[in-house]
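*Asks:* Next come a sequence and a model predicted from it.
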Amino acid sequence: MFGFLKPNYLSARLQRLKTQQLFSTLTPRELTIVDGLLHTRQFLAGEIVFDEGEEGQALYILLSGTVSIGRTRDSVVEVVAELTSGSFFGDLALLDNTPRSAQVRAKEACEMAVFFRADFIALMETDATIGYKISLQLARNLAQRFRALALGRPRIEPL
Amino acid sequence: MNDRHSGPIVWICIIGGTCLLLFLLRQVLWLVIPFLLGVILYYLLMPIMVRLLLAGISRNLAAMIVAGGFLLVLGLAGLFSAPWILSHVGSWQDLIGHYLDGGTSFVLNTALMLEQKFSVLHKAHLSEVVNMRMAGYTENFAQQHIAEVLVSIASWLPSLALAPFLAFFFLRDGRRFKKFLSHAVPNAFFERTLYLLHEVDQTARRYFQGLLKLTVIDTLLLGGGLWIIGLSSPLVLGLIAAVLAWVPFIGSVLGCVVVVLVASTDAPNDPLVAYSAIGVFVLARLLDDFIFMPLTLGRSLHMHPLITVLMIFIGGAIAGVAGLMLVLPLLGIAMAIGETLGHVITDPRLRARHRQAKALLAMQASADLIVK
């Protein structure tokens, strides 16, 4: 109960979150707050995480496993990229209301942390520091993707 | 999901579900009121709780600090006000008696005036009948009703004491409960369910914020009107009537009685003041029930004003006073659940994805069990 009086240390779960690009700049206190907002989900190999054109409500952080990103061309879903543990996707859902631009499917059994948009927006409004740090990481990630796109070697477009 | 247009079947289910909930709540009324107060306290204390959480305090400790602080403030207020209340009990009795006498005189004067204007009423001895009835009622009031009122207060108090404890558990475990609920939802429906839970929470929050806004509007409107006709303590009267108006219709009648008692006592020889007070009250109530309530509560719940008014009548018919109070928040929550469930259930792609996930799980579970 009096954990806030103890020196900040990271539990195994928080250490794992700390290794995620999105949360790498957060302090232990900030990580604890964010962790309280995250939902953990398990997906089986072959299971669809979300579909192209679906309304996005959340960002997904890949804690373990691999997912494939597919886009429909001529009624066939073509895999355009793969993401491994430590990556995140569905970030545009946090920024606007646009539909998902690709389908995401678990390539192998995955564990994901899900950050619901309304929780993210509420966090931005109540704790500007955490909001700023996560937003900066989101912006950096977007910049990397657009730079790679401009250089003609896209890893993955924003979803 | 924001541009949802539900069909008539979904709407019938929403209204039917709300009526069923009202019927069921009528059976556990003793729990409904503390639950409602607990929810109001939860939304009132939530901003402080969030501040503490963001300061790095654990959820358990933050909930204890907030709920404990509230109980402490309540206890201190009771402790400091108890001597003053006890010393004024006698004068309050006199004051209530004074206002009751004023009200009785007003009714009798009105009956006499009507007798003078209408000979039929004079022949029927209206004032004498009214006088006898009122004398009988006021003389036996203490014997007949005080014990009844005290017993009902005593029976309600323990359940009312539940409200702060309920608020504490809502504060401490609300998010855990939300996670627990969402954990049970299959992956295919997960995002929609998160949205649904968020909508239910927002609907309840908007409703109680709307209720507070409505109370402020009512207080100012009634207070202003009563001040114009020259009544004493217009803002206090406005506030009492506005809080009573939390119970639609019946609360309004009680508020009107209070205003008329004060008006007829303040100006015993001028019935016009009491009539003006009734006029102000009726006008304020009409504006409230047909304009402000649909605009604040109805709009806060994104409901059509006509549905708001109709559902208030239906709520009263099904569950009485509790139904009048609860129908709008219940309808709002049923609407959020019904519209989202309607969307999820009727989405063939989501159902197909869920079937695929179940098939994958079955395959995985039986991978080494194939009989050759």
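*Replies:* Ah, there it is. Numbering: from 1, shown residues only, chains lettered A, B, ... in the order given.

*Asks:* Report the contact partners of residue 43.
*Replies:* If you meant another chain, say so; for now it's chain A. Taking C-beta atoms under 8 Å, 6 or more residues apart in numbering or on different chains, we find A:F43 in contact with A:V49, A:G65, A:A106, A:A109, A:C110, A:E111, A:M112, B:N187. The C-beta positions use only the backbone N, C-alpha and C, and glycine is treated the same way.

*Asks:* I was thinking of chain B, sorry if that wasn't clear
*Replies:* B:Y43 is in contact with B:A204, B:R205, B:F208, B:Q209, counting by C-beta under 8 Å, 6+ apart.

*Asks:* of the contacts of A:F43, buried ones?
*Replies:* A:V49, A:G65, A:A106, A:C110, A:E111, A:M112, B:N187 (16 or more other C-beta atoms under 10 Å in any protein chain shown).

*Asks:* any chance of those residues in CSV, with pLDDT, secondary structure and distance to B:G7 too?
*Replies:* Shown next, in CSV, are the buried ones among the contacts of A:F43 (pLDDT from 0 to 100; DSSP: H, G, I helix; E, B strand; the rest coil; distance: C-beta to C-beta, whole Å):
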residue, pLDDT, secondary structure, distance to B:G7
A:V49, 93, strand, 29
A:G65, 93, coil, 39
A:A106, 94, strand, 34
A:C110, 93, strand, 36
A:E111, 93, strand, 38
A:M112, 93, strand, 34
B:N187, 91, helix, 27
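
*Asks:* do you know how far B:C19 is from B:C13?
*Replies:* Distance from B:C19 to B:C13, counting by C-beta to C-beta, to the nearest Å: 11 Å.

*Asks:* okay, those two: which has more neighbours?
*Replies:* When neighbours are counted by other C-beta atoms under 10 Å in any protein chain shown, B:C19 comes out ahead of the other of B:C19 and B:C13, with 21 against 18.

*Asks:* Looks like A:Q20 contacts A:G86 (just checking).
*Replies:* Yes. Contact between A:Q20 and A:G86 holds when scored by C-beta atoms under 8 Å: they sit 6.0 Å apart.

*Asks:* more neighbours, these two?
*Replies:* Neighbours per residue, other C-beta under 10 Å: of A:Q20 and A:G86, the larger number sits with A:Q20, 20 against 15.

*Asks:* which one is the more buried one nearest to, not counting chain neighbours?
*Replies:* In space, A:Q20 comes closest to A:I61 once its chain neighbours are excluded; the distance is 5.4 Å by C-beta to C-beta, 6 or more residues apart in numbering or on different chains.

*Asks:* Secondary structure element holding the one you found?
*Replies:* Mapping A:I61 onto the secondary structure by DSSP states H and E places it in strand A:58-64.

*Asks:* what about the strands in the chain?
*Replies:* Went with chain A since none was named. Ranges of strands in chain A, per DSSP state E, are A:39-43, A:48-50, A:58-64, A:67-73, A:76-83, A:88-89, A:103-106, A:110-116.

*Asks:* remind me which residues of chain A are low pLDDT?
*Replies:* Where chain A drops to pLDDT under 70, the residues are A:1-9, A:153-159.

*Asks:* Could you pull out the helices in it for me?
*Replies:* Taking DSSP state H to define them, one finds helices in chain A at A:12-18, A:28-37, A:92-95, A:117-126, A:128-150.

*Asks:* Name the stretch among those helices that sits most buried.
*Replies:* With neighbours defined as mean count of other C-beta atoms under 10 Å in any protein chain shown, the helices of chain A peak in mean count at helix A:92-95, which reaches a mean of 20.

*Asks:* What subset of the contacts of B:Y43 is buried?
*Replies:* Taking 16+ other C-beta under 10 Å as the criterion, what is buried in those is B:A204, B:F208.

*Asks:* Need the max-distance pair from the buried ones among the contacts of A:F43.
*Replies:* For the buried ones among the contacts of A:F43, the farthest-apart pair by C-beta to C-beta is A:G65 and B:N187; their separation is 13.4 Å.

*Asks:* what's near enough to touch the nearest residue to A:D119 once chain neighbours are set aside?
*Replies:* The shortest distance from A:D119 to any residue other than its chain neighbours is 4.4 Å, reached at A:L37 (C-beta to C-beta, 6+ apart). Contacts for A:L37 were tallied using C-beta under 8 Å, 6+ apart; they are A:F115, A:F116, A:D119, A:F120, A:L123.

*Asks:* Where does the stretch 201-350 of chain B get nearest to chain A, residue-wise?
*Replies:* Scanning the stretch 201-350 of chain B for the residue nearest chain A gives B:R349, at 6.4 Å (criterion: C-beta to the nearest C-beta).

*Asks:* tally of neighbours for that residue?
*Replies:* Using other C-beta under 10 Å, B:R349 is surrounded by 12 other residues.

*Asks:* Find the pair from the contacts of A:L37 with maximum spatial separation.
*Replies:* Largest separation among the contacts of A:L37 by C-beta to C-beta: A:F116 and A:L123, giving 10.2 Å.

*Asks:* Pipe the buried ones among the contacts of A:F43 into JSON lines and attach distance to A:D91 per row.
*Replies:* Output for these, formatted as JSON lines (distance: C-beta to C-beta, whole Å):
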{"residue": "A:V49", "distance to A:D91": "14"}
{"residue": "A:G65", "distance to A:D91": "18"}
{"residue": "A:A106", "distance to A:D91": "18"}
{"residue": "A:C110", "distance to A:D91": "17"}
{"residue": "A:E111", "distance to A:D91": "18"}
{"residue": "A:M112", "distance to A:D91": "13"}
{"residue": "B:N187", "distance to A:D91": "19"}
